[in-house]
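A.B. asks: here is a sequence with its predicted model. Questions after.
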Amino acid sequence: MRTPWRHRSLTWLAAAAVLGLASLSPTAVQAAPAPAPASADAGPLAVTFEENFDGPAGSGVNGSRWQLETGDNVNNHERQYYTSGTNNAALDGQGNLVITAKRENPANYTCWYGRCEYTSARLNTAGKFTAQYGRVEARMKLPRGQGIWPAFWMLGNDMGNIGWPAAGEIDIMENVGFEPGTVHGTLHGPGYSGSGGIGAGYTLPGGAAFADAFHTFAIDWSPNSIRWSVDGNVYQTRTPADLGGRQWVFNKPFFMILNLAVGGYWPGDPDGSTRFPQQLVVDYVRVSTDGGTNPPAGRTIRGIGGKCLDVAGASSANGTAVQLYDCNGTAAQQWDVRSDGTVRALGKCLDVTGNSTANGAQLQLWDCSAGPNQRWTVTGARDIVNPQADKCMDATGNSSANGTRAQLWTCTGAAHQKWTVA
């Protein structure tokens, strides 16, 4: 059970945000699949936020984009006191932000355990910038050492209204000092927070450490799908199907956070091998979208009898049946109708089985391939047409029963081929 977080000069939003910081334990991290090259299945990127940290050495961050939080964090038993000003967060004059953790207490700060032993910094964009979907990335050089815990992460913008973990947390990158060559990406939400977070790790080849050079950490985020990568190598993708029926809370705006913690339940405290100061060096932070092809939220597609187009079992596995089912508002019934002609759910595309053009060819989910069997046109007459086959999406047997398969059929204008996308 979590205990209340003690804070001093933080706003209510920043105070609430500290509850979310990566109470992840190594046992909660799932094994990562083999890395794969990042896919470019979206159109040209349009940058919506870019911070290159240009400015004179010793100057502070841009206050119109970032705010500095202050205080300690009993919740994770971290040891640092986050300060304002430029003592622990400043530009280096070479296009980088440097967040520095120091073993010091120049202002006699008091922490949950007594007189604070360390200072550091934590910045967020709450109230200044939020993102919903797109690519969120940062190029950084990480610190090193036992007890050192850098992170680049996001919290739901409704944190102040519903609290954590209900608001959701997306950890784009976390590193704990006892794993110098491994970073973690994790989701936290209602029923899967703290040590129960859903995530995976990525390890550099050849025994390299993330403190040795700059690396780019990113997520590619679309409705009902988040994909993590390091230097373009995708190491995990998460969809609602990974949550075991628990609520997916990631189809809404989130704000960004950068911080460097010292100590805590997960990394453990510094020891005699830890050298101070330690620095998290940030080259840039950037958010970009695919030119507006992602809608603000998933859409429902209703057919005969008012039933919804549904992914059977809310599974994102290739070959999962697409069917009619009672409308229930779950992610399995949220469809992303894109300008490139694809119709997507749970991170996969609506697909005609076997690239068939025959009447009765069943529809399924499959990895997006840009093939003609994954192209659709939604007409003003409420038909959903596959141009390759010149046939309509059809409810098999003119049925509105739960579990009725969607299929291709010659367009007839009948009620079981009419769909409302909203």
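C.D. replies: Everything's here; your move.

A.B. asks: helix, strand, or coil at residue 149?
C.D. replies: strand (DSSP: H, G, I helix; E, B strand; the rest coil).

A.B. asks: correct me if wrong: it contacts residue 264.
C.D. replies: Yes. Residue 149 is in contact with residue 264 according to Cβ atoms under 8 Å; the separation is 5.9 Å. Yep, even glycine has a C-beta here, placed from its N, CA and C like the rest.

A.B. asks: of these two, who's got more company?
C.D. replies: In this view residue 149 and residue 264 are compared by other Cβ atoms under 10 Å, and residue 149 has more residues nearby, 27 against 21.

A.B. asks: residues in contact with the more buried one?
C.D. replies: 22, 78, 174-177, 260-264, 266-267 (Cβ atoms under 8 Å, 6 or more residues apart in numbering).

A.B. asks: and the longest strand for this structure?
C.D. replies: strand 278-289 (DSSP state E).

A.B. asks: the next helix or strand after that strand packs against which elements?
C.D. replies: Downstream of strand 278-289, the next assigned helix or strand under DSSP states H and E is strand 301-302. Using 3 or more Cβ pairs under 8 Å, 6 or more residues apart in numbering; DSSP states H and E as the contact test, the elements touching strand 301-302 are strand 308-311, strand 420-421.

A.B. asks: show me the helices in the stretch 251-400 of the chain, by range?
C.D. replies: Applying DSSP state H, counting those that start in this stretch to the stretch 251-400 of the chain gives no helices.

A.B. asks: quick one: low-confidence parts of it?
C.D. replies: With pLDDT under 70 as the threshold, the stretch 251-400 of the chain has low-confidence stretches at 290-298.

A.B. asks: the strands in it, which residues?
C.D. replies: 254-262, 278-289, 301-302, 308-311, 322-325, 336-337, 343-345, 348-352, 363-366, 377-378, 384-386, 391-395 (DSSP state E, counting those that start in this stretch).

A.B. asks: now the element after the last one, going C-ward?
C.D. replies: Tracing the chain C-terminally past strand 391-395 and defining elements by DSSP H and E, one meets strand 406-409 next.

A.B. asks: how far does that following strand sit from the chain's center?
C.D. replies: 34 Å (Cα atoms, centre = their mean, to the nearest Å).

A.B. asks: now distance to residue 210 and mean neighbour count too, for the helices and strands packed on strand 301-302, in a markdown table please.
C.D. replies: Formatted as a markdown table, these follow (distance: least, Cβ to Cβ, whole Å; neighbours: other Cβ atoms under 10 Å):
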| stretch | distance to residue 210 | mean neighbour count |
| --- | --- | --- |
| strand 308-311 | 37 | 26 |
| strand 420-421 | 44 | 14 |
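
A.B. asks: would a markdown table of those strands with distance to residue 237 be doable?
C.D. replies: Below are the helices and strands packed on strand 301-302 laid out as a markdown table (distance: least, Cβ to Cβ, whole Å):
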| stretch | distance to residue 237 |
| --- | --- |
| strand 308-311 | 16 |
| strand 420-421 | 25 |
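
A.B. asks: ok, which of these comes nearest residue 191?
C.D. replies: With Cβ to Cβ as the measure, strand 308-311 is the member of the helices and strands packed on strand 301-302 nearest residue 191 (20.9 Å).

A.B. asks: just checking, residue 253 touches residue 131?
C.D. replies: Yes. Counting by Cβ under 8 Å, residue 253 does reach residue 131; the two are 6.7 Å apart.

A.B. asks: the more surrounded of these two?
C.D. replies: Ranked by neighbour count (other Cβ under 10 Å), residue 253 and residue 131 place residue 131 first, with 22 against 14.

A.B. asks: so who does that one touch?
C.D. replies: 48-49, 154, 221, 253-256, 287.

A.B. asks: distance check, residue 384 against residue 321.
C.D. replies: Distance, residue 384 to residue 321, by Cβ to Cβ, to the nearest Å: 17 Å.

A.B. asks: which residue of these two possesses the greater neighbour count?
C.D. replies: residue 384 (24 against 17).

A.B. asks: is the nearest residue to the more buried one once chain neighbours are set aside in a bridge, and if so with what?
C.D. replies: Distances taken as Cβ to Cβ, 6 or more residues apart in numbering place residue 393 nearest to residue 384, at 4.2 Å, with adjacent residues excluded. Using DSSP bridges, the beta-bridge partners of residue 393 come out as residue 408.
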